[in-house]
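Engineer: give me a model of this one.
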Amino acid sequence: MIKAHGTRLGELSNVQQSHRGMTMNFGGENLRSLVERGIRGLYNGVETLDTNLKIIEEVLGQLPANDPDVISLLVTLYRLSVQSPRKDVRGGCLGILNRAHLRGLPRISSKFPISQFIRNNVGDIQYEVPISPDTDSEAVRKYYMIWYRTFGRVDNILQVLGCHPSYLEHFVNSYTFLFNPNETDGLLLYEREFVGLIAASRIQCRPLIELQKHRFLIADGPSDWLSKPISEVPEFFRYIYEIDMVLAYRPYLIKEKADVLQKLDKMKTMQAVMILVHYHCLASIYHGCGITLEVDLPEGANIHKGNSPPPNSEHIPMFPSRLSNQRSSDINIISEDNENELQQMVDSLLVASLDTMQPIEQSTNRKIFNQISTEIGYQASRRTSLLPVNLQTVVQCFNIDPEYEYVQLTQNQLADEDNSSLPLATSEFPWENNAFSLLEMYYPGSETAVLCRIDKARDLTYDNIGTHQCTSSINTKPFRNAVWNYVHRLFGVIHDDFNYELVERLLKSNIKNYITLVATQPYRVNESFYEKARSKLFRHSEMVHINIMIMEAKLQAQLLYFFRAISDVWLH
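Structural biologist: Purely as a prediction, here's the structure:
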């Protein structure tokens, strides 16, 4: 039988005798893990698919129908039937599910679409959103396979990012580096997963919290850590919690944690901070794109008992129906006003491309930077419904200062010459001169994986906007720079070589409000904000692209402040 992570799939044949003694807090976790790891082991080429699926089906047949582990196993098989990058695995799991239903076992379906905001499968330039694991794109399927081999699933977030394959490559490379199970230096795998859980809880991102709880337990993390207050976990993580709170919302204050930074192991701290900032930004795109719960995690699946027909009308399918080369109605039916607005945007980009070649007077530019409005033009309320009672316990454990949030930076703060923290001028602390050397020094290997991803996010373009039909390519760099540098402005980072007049000219109020929320208070984003920002001008894939830019610009701003702080604390 296959060995996968030290577990023999053959043990499944006897699991009915002892599975009750092996389950974790969330019911059948070990049983699901055995099945998942067994199927993941197929990629080693040791056993045939049919042999392993027969063993899995035998286990399912030997468990009592009313055993809660039956539902756990069915849900896991359902996830594999729709998420596995391999067609034969998807088909094999679907066959088991169909035969189980004929024997009277419940039918499983996904309770949510992958995204609450991207409900229509909009035909795109090249890719639809989301991109399911049975995609015809070899590039996307390749990185789905790498992710699956590492994490045992193709997450919802990955299927949303799949519409940008060249970015997906760097995203997958950086995350598989951060969570490499074979990494022996620094933090253990379950400790790294715990750091991710702390960060996800800070941003109150339910789908990510649930996923991190699952990954923490799969990595053999102590289950009692999930119910302990932060004051009772090991000391290192208490200090990381303090760093996390500041970096998440007010990274310019990280210098105030100099005493904490001096106490900690440098490599472990750098490793933890890289995970923190990645998860702050990952939570932002979860909220910004309305990405939902994984189907096999608590409250993610519908359980249809009896002889109920397939739930075509009872739930929103995990993957919307495919389109050929047709555009969906929200792309085809565009009003004359929208066409005019899109043309105005294209014209503004053309003018802005010429303006970027003009010299900038620094004092005037800094004044404009200070005066940029970051006010949100309409009320954004907290989406407390995303945190049910069972999750509030986790959030309360890891977020004991819920009122500590983003605070708008005032003109006086930015103009105060006595304030050494604000603004952070990239001309005085260049990213290029500091990021690579500090990462290479304290977390070798991460410098290439992470920095290449940031570069790709900033440079990513298809030389087009929305549905605009143009015989020549459109230079979108001014718009991309406006988004990126506006996010930096929200956190007090200034680029003296960028003309900040372009922010007000290129970012209309709806998109600006949306960027502000996703970057600073993502838990307040709802579908209304998303649609107002999209305004039927942007394709869904372009909204994903905007979220990628927000996520990576925020990550870069956080790291700039952290790198400046450790340069003072660790190097002097």
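Engineer: helix or strand: which one has His280?
Structural biologist: Element membership of His280, judged by DSSP states H and E, is helix 266-288.
Engineer: next one: Ile108
Structural biologist: Counting by DSSP H and E, Ile108 is part of strand 107-110.
Engineer: which helices and strands does that strand pack with?
Structural biologist: helix 68-83, helix 87-102, strand 301-304 (3 or more CB pairs under 8 Å, 6 or more residues apart in numbering; DSSP states H and E). C-beta: built from backbone N, CA, C; applies to glycine.
Engineer: can you point out the buried residues in the following helix or strand past it?
Structural biologist: Beyond strand 107-110 in the direction of the C-terminus, DSSP H and E gives the next helix or strand as helix 138-151. When burial is assessed from 16 or more other CB atoms under 10 Å, helix 138-151 yields the following buried residues: Val140, Arg141, Tyr143, Tyr144, Met145, Ile146, Trp147, Tyr148, Thr150, Phe151.
Engineer: check stretch 505-512 too.
Structural biologist: Arg505, Leu506, Leu507, Lys508, Asn510, Ile511, Lys512.
Engineer: from the residues you listed, which is closest to Leu490?
Structural biologist: Comparing the buried residues of stretch 505-512 against Leu490 with CB to CB places Lys512 closest, at 10.4 Å.
Engineer: which SSE is the nearest residue to that closest one once chain neighbours are set aside in?
Structural biologist: In space, not counting the residues next to it along the chain, Lys512 is nearest to Tyr486; the distance is 7.1 Å by CB to CB, 6 or more residues apart in numbering. Secondary structure here is read from DSSP H and E; on that basis Tyr486 sits in helix 477-490.
Engineer: pLDDT of whatever helix or strand comes next after that helix, averaged?
Structural biologist: Secondary structure here is assigned by DSSP H and E; on that basis, the next helix or strand after helix 477-490 toward the C-terminus is strand 493-494. Confidence over strand 493-494 (mean pLDDT, whole number) is 96.
Engineer: mind listing residues that contact strand 493-494?
Structural biologist: Applying CB atoms under 8 Å, 6 or more residues apart in numbering, the contact partners of strand 493-494 are Arg366, Phe369, Pro423, Leu424, Ala425, Thr426, His488, Ala557, Leu560.
Engineer: cutoff 7 Å now
Structural biologist: Residues from elsewhere that reach strand 493-494 (CB atoms under 7 Å, 6 or more residues apart in numbering): Arg366, Phe369, Pro423, Leu424, Ala425, Thr426, Ala557, Leu560.
Engineer: quick one: strands adjacent to the strand holding Ile108?
Structural biologist: Strand 107-110 has its sheet partners listed here by DSSP bridges as strand 301-304 (antiparallel).
Engineer: quick one on the thing from earlier: Val503 is in contact with the residue nearest to Lys512, correct?
Structural biologist: Yes - under the criterion of CB atoms under 7 Å, Tyr486 lies in contact with Val503, with a separation of 5.0 Å.
Engineer: the two: who's more crowded?
Structural biologist: The residue with more neighbours, out of Tyr486 and Val503 and counting by other CB atoms under 10 Å, is Tyr486; that gives 25 against 20.
Engineer: most residues in a single helix of this protein, which one?
Structural biologist: The helix spanning the most residues in the chain, taking DSSP state H as the definition, is helix 540-569.
Engineer: how far off centre is it?
Structural biologist: Distance of helix 540-569 from the chain centroid (CA atoms, centre = their mean, to the nearest Å) equals 13 Å.
Engineer: remind me what that helix packs against, helices and strands.
Structural biologist: Packed against helix 540-569 by the contact rule (3 or more CB pairs under 7 Å, 6 or more residues apart in numbering; DSSP states H and E) you find helix 258-263, helix 266-288, strand 424-425, helix 431-442, helix 446-459, helix 477-490, helix 509-520.
Engineer: so after the last one, what's the next helix or strand?
Structural biologist: Following helix 509-520 in sequence order, the next helix or strand is helix 527-534 (DSSP H and E).
Engineer: packing partners of that following helix?
Structural biologist: When contacts are defined as 3+ CB pairs under 7 Å, 6+ apart, helix 527-534 sits against helix 509-520.
Engineer: could you rerun that using 10 Å?
Structural biologist: Counting contacts by 3 or more CB pairs under 10 Å, 6 or more residues apart in numbering; DSSP states H and E, the secondary-structure elements packed against helix 527-534 are helix 266-288, helix 509-520, helix 540-569.
Engineer: quick check: which ranges of this structure have low pLDDT?
Structural biologist: Filtered on pLDDT under 70, the chain yields the residue ranges 1-48, 119-128, 307-338, 355-358, 377-400, 467-472.
Engineer: rerun at 50
Structural biologist: Residue ranges of the chain with pLDDT under 50: 1-29, 44-46, 121-127, 310-334, 382-390.
Engineer: centre-most residue in it?
Structural biologist: In the chain, the centroid-proximal residue (CA atoms, centre = their mean) is Leu282; its distance is 3.2 Å.
Engineer: so what's it closest to, chain neighbours aside?
Structural biologist: Of all residues not flanking Leu282 in the chain, Leu208 sits nearest, at 6.4 Å (CB to CB, 6+ apart).
Engineer: tally up the residues packed near the one you found, please.
Structural biologist: The burial count assigned to Leu208 is 26, neighbours taken as other CB under 10 Å.
Engineer: other SSEs contacting the helix or strand containing it?
Structural biologist: For Leu208, the host element (DSSP H and E) is helix 206-218. For helix 206-218, the helices and strands in contact under the criterion 3+ CB pairs under 10 Å, 6+ apart are helix 29-40, helix 138-151, helix 156-161, helix 189-202, helix 266-288, helix 389-398.
Engineer: circling back to that earlier point, between the buried residues of helix 138-151, which is nearest Met543?
Structural biologist: Met543 lies nearest to Val140 out of the buried residues of helix 138-151, by CB to CB, at 18.4 Å.
Engineer: how about the closest one, what does it touch?
Structural biologist: Contacts of Val140 were listed using CB atoms under 10 Å, 6 or more residues apart in numbering, and they are 85, 127, 131-133, 158-159, 161-165, 168-169.
Engineer: Val525 versus that one, what's the distance?
Structural biologist: For Val140, the distance to Val525 under the criterion CB to CB, to the nearest Å works out to 26 Å.
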